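Peer 1: all I have is the shape, not the residue letters:
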């Protein structure tokens, strides 16, 4: 009986480090090797997010740590050392060194685990194999081991050090390592996120599959929200239905706070109070999507509260839909860029998708005063999506095979209390074709009304 209990605890410890699903462990290893190739013989020290001090506070792993390990274990650190040739500095010859990776884990706190669940540490049987890394060591050994690699180079700066410069724990660890070496000189560092951004911009087939699962769950969530809309229902009620559905479908959390804005609130881009009671004649914008195994989706739909768009609402809706379609049609892999509000001038290049969508809106309708509608499209057309709902991307570069991003034109007219946004998450397949993850979600106003009629 004791052996069975011990086995159960060990299995729990191994399993808790992962999300519901994951890319293959070998892919995480490939990412670490690619990162190491950019270190020029130096090192990257990437820290995990720390578990929050109170058990009711949300915990989410650091995106770069997760991207490189697939682990949700809190409080650890990943050390990657790149291949370095033999060289000479002012102290003399420096030996060549090969690729090395170590995952450092804090010791288990058995009392805290009664509140937050069993964790994995370096002493957990099978930890190295389950986490898929070359070596697993106690976090307490990090300063000495890292210091032994840096040695006198910490003072003479012959090796580059890459850390998360926005995390105080990373800079503190480097300072403590210097103290262990008996010096108060801390070597300047580079921001490792500059390197991981380049790796994360293009998604692998395994990542695409996870984003599809996130979008499938989010599609079910949006459909449930549509069917719950009617006059007299509070916005917050619909938000709750959406979030509950995405969790039922396997998401671990919402990708961002759900936005359910009706009437005038539909014209407020990031309205999230969700406190108004919906009224007949309103449109309602629902921007809500879930996160599946740390990968996000991002979807928005606009619906008529009473199930039928007015002629004016439908006119605005179709202009927004036409702008999205225009951007889709104009897309060319390896050439098109997302662009933004700064790329909307008369001389702007039409390789910017934002320019294409803006021009469509600005030439296909008027406000109540006869002015073009372009001034009511007040945000950028889209953003990259991945482990973060706003994943890092170098927007000076064109969108290529493996890019995942939103196309989300919108028109927001406060005077008419009409806000319309239509947002889908897309990816560029191996043939360079733009694929809508949410193709099954209603797009046309007629399809939206049909879903709402099937309550």
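Peer 2: Right, received. Where do you want to start? These numbers were taken from a predicted model, which means no experiment stands behind them.
Peer 1: show me what contacts residue 250?
Peer 2: Residues touching residue 250, when contacts are defined by CB atoms under 8 Å, 6 or more residues apart in numbering, comprise 20, 213, 217, 292. C-betas here are computed from N, CA, C, even on glycine.
Peer 1: again, but for residue 314
Peer 2: For residue 314, the residues meeting the contact criterion (CB under 8 Å, 6+ apart) are residue 445.
Peer 1: hang on, it in a helix?
Peer 2: Yes: assignment of residue 314 by DSSP: H, G, I helix; E, B strand; the rest coil places it within a helix.
Peer 1: can you check the pLDDT for it?
Peer 2: At residue 314 the predicted local distance difference test score is 98.
Peer 1: circling back to that earlier point, neighbour-wise, which of the contacts of residue 250 leads?
Peer 2: residue 292 (28 neighbours; other CB atoms under 10 Å).
Peer 1: what's the burial count for residue 254?
Peer 2: Neighbourhood size, residue 254 [other CB under 10 Å]: 20.
Peer 1: again but with residue 209, I slipped
Peer 2: Using other CB under 10 Å, residue 209 has 16 other residues around it.
Peer 1: could you verify that it is part of a strand?
Peer 2: No: for residue 209, which was evaluated using three-state DSSP, the result is helix, with no strand membership.
Peer 1: how far away is it from residue 333?
Peer 2: Plainly put, residue 209 is 20 Å away from residue 333 if you go by CB to CB, to the nearest Å.
Peer 1: I'd say residue 42 and residue 162 touch.
Peer 2: Yes: with contact defined as CB atoms under 8 Å, residue 42 and residue 162 form a contacting pair (6.7 Å).
Peer 1: ok, now which ones touch the residue positioned nearest the centre of the chain?
Peer 2: For the chain, the residue sitting closest to the mean C-alpha position, by CA atoms, centre = their mean, is residue 388 at 1.1 Å. The neighbours of residue 388, taking CB under 8 Å, 6+ apart as the test, are 63, 296.
Peer 1: what do you get if the cut-off is 10 Å, keeping everything else the same?
Peer 2: Residue 388 makes contact with 60, 63, 64, 67, 200, 255, 256, 291, 294, 295, 296, according to CB atoms under 10 Å, 6 or more residues apart in numbering.
Peer 1: phi, psi of the residue nearest to residue 259 when sequence neighbours are not counted?
Peer 2: In space, residue 259 comes closest to residue 287 once its chain neighbours are excluded; the distance is 3.9 Å by CB to CB, 6 or more residues apart in numbering. Residue 287 has phi and psi values of phi -110, psi 100 when expressed as degrees, to the nearest 10.
Peer 1: residues near residue 287, how many?
Peer 2: Burial measure for residue 287: 25 neighbouring residues, criterion other CB under 10 Å.
Peer 1: so in terms of bridging, what pairs with it?
Peer 2: According to DSSP bridges, residue 259, residue 300 are recorded as the beta-bridge partners of residue 287.
Peer 1: roughly how far does it sit from residue 171?
Peer 2: In this structure, residue 287 lies at 36 Å from residue 171, with CB to CB as the measure.
Peer 1: do residue 413 as well
Peer 2: Using CB to CB, we find residue 413 at a distance of 47 Å from residue 171.
Peer 1: who has more neighbours, those two?
Peer 2: Summary of the neighbour comparison: residue 413 and residue 171, criterion other CB under 10 Å, with residue 413 having more neighbours (18 against 15).
Peer 1: how about the nearest residue to that one, chain neighbours excluded?
Peer 2: In space, residue 413 is closest to residue 376, 5.3 Å off (CB to CB, 6+ apart).
Peer 1: my guess is the one you found contacts residue 323. True?
Peer 2: No: at 11.6 Å, residue 376 does not count as touching residue 323 under the criterion of CB atoms under 10 Å.
Peer 1: need the overlap of contacts for those two.
Peer 2: When contacts are counted by CB under 10 Å, 6+ apart, residue 376 and residue 323 are jointly contacted by 361, 362, 410, 411.
Peer 1: sort out for me which of the residues you listed are in helices.
Peer 2: With DSSP state H as the criterion, helices contain 361, 362 from among the shared contacts of residue 376 and residue 323.
Peer 1: can you list the shared contacts of residue 376 and residue 323 in TSV and add distance to residue 450?
Peer 2: Putting the shared contacts of residue 376 and residue 323 into TSV (distance: CB to CB, whole Å) gives the following:
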residue	distance to residue 450
361	25
362	30
410	23
411	23
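Peer 1: PyMOL command for the buried members of the shared contacts of residue 376 and residue 323?
Peer 2: The PyMOL selection below is limited to those of the shared contacts of residue 376 and residue 323 classed as buried (16 or more other CB atoms under 10 Å):
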select buried, resi 361+362+410+411
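Peer 1: so where do the helices sit in this structure?
Peer 2: 2-15, 25-36, 63-69, 110-116, 127-131, 142-150, 153-156, 168-180, 193-200, 205-228, 235-248, 311-330, 353-362, 445-453.
Peer 1: please identify the buried residues of the second one?
Peer 2: It refers to helix 25-36. By neighbour count with 16+ other CB under 10 Å, helix 25-36 contains the buried residues 25, 27, 28, 29, 31, 32, 35, 36.
Peer 1: cool, the fourth one as well?
Peer 2: Across helix 110-116, burial judged by 16+ other CB under 10 Å covers no residue at all.
Peer 1: packing partners for that helix?
Peer 2: helix 2-15 (3 or more CB pairs under 10 Å, 6 or more residues apart in numbering; DSSP states H and E).
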